[in-house]
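K.L.:
Build me a model:
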Amino acid sequence: MTVSVSCLFVLLASLLVLFLDLPVIILPVLAVIIWLLAFFGRFFKIKTTLFKNKRSNSGFILYLCASEIAPVYIEYVLFGILFGLI
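P.N.:
The predicted model follows:
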């Protein structure tokens, strides 16, 4: 999710640079800033999920299942179905 939102912001920044005739150097600077915000945002989310209290370790596992493991599994199954038909 964070990668998708970050890419959307980079796309919007690209459109702004393209259509408003802004200097091109702004685009890599904005891309690095967006990447840093996404990186530190994920780091902060994992830190707060892990160290909220002693009972929240299951919350971290649930977070990983919901945002990391399940989409990869769904993608693997869908690609297996789609490429299995070819």
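
K.L.:
got the contact list for the helix or strand containing Leu15?
P.N.:
According to DSSP states H and E, Leu15 maps onto helix 2-19. For helix 2-19, the external contacting residues (CB atoms under 8 Å, 6 or more residues apart in numbering) are 22-24, 26-27, 30-31, 34-35, 37-38, 41-42. In short, each C-beta sits where N, CA and C put it, glycine included.

K.L.:
Please indicate which of the residues you listed are buried?
P.N.:
Buried members of these, counted by 16 or more other CB atoms under 10 Å: Leu27, Leu30, Ala31, Ile34, Ala38.

K.L.:
Report how many residues lie close to Glu75.
P.N.:
Neighbourhood size, Glu75 [other CB atoms under 10 Å]: 10.

K.L.:
looking just at contacts, which helices and strands does the helix ranked longest in the chain meet?
P.N.:
As assigned by DSSP state H, the longest helix anywhere in the chain is helix 26-50. Packing contacts for helix 26-50, counted by 3 or more CB pairs under 8 Å, 6 or more residues apart in numbering; DSSP states H and E, involve helix 2-19, helix 57-64.

K.L.:
from the middle of its chain, how far away would that helix be?
P.N.:
Remark: helix 26-50 is offset 9 Å from the chain centroid, using CA atoms, centre = their mean, to the nearest Å.

K.L.:
relative to helix 2-19, how tilted is that helix?
P.N.:
Angle of helix 26-50 versus helix 2-19, following axes from the mean of the first three to the mean of the last three CA atoms, to 10 degrees, is 160 degrees.

K.L.:
Quick one: mean pLDDT over helix 26-50.
P.N.:
Averaged across helix 26-50, pLDDT comes to 82.

K.L.:
Also stretch 68-83?
P.N.:
The average pLDDT within stretch 68-83 is 76.

K.L.:
Pull out the buried positions in that stretch.
P.N.:
Going by neighbour count (16+ other CB under 10 Å), nothing in stretch 68-83 comes out as buried.

K.L.:
Renumber starting at 299 from here on
P.N.:
I'll keep to 299 as the first residue from here, and by that count the last item is stretch 366-381.
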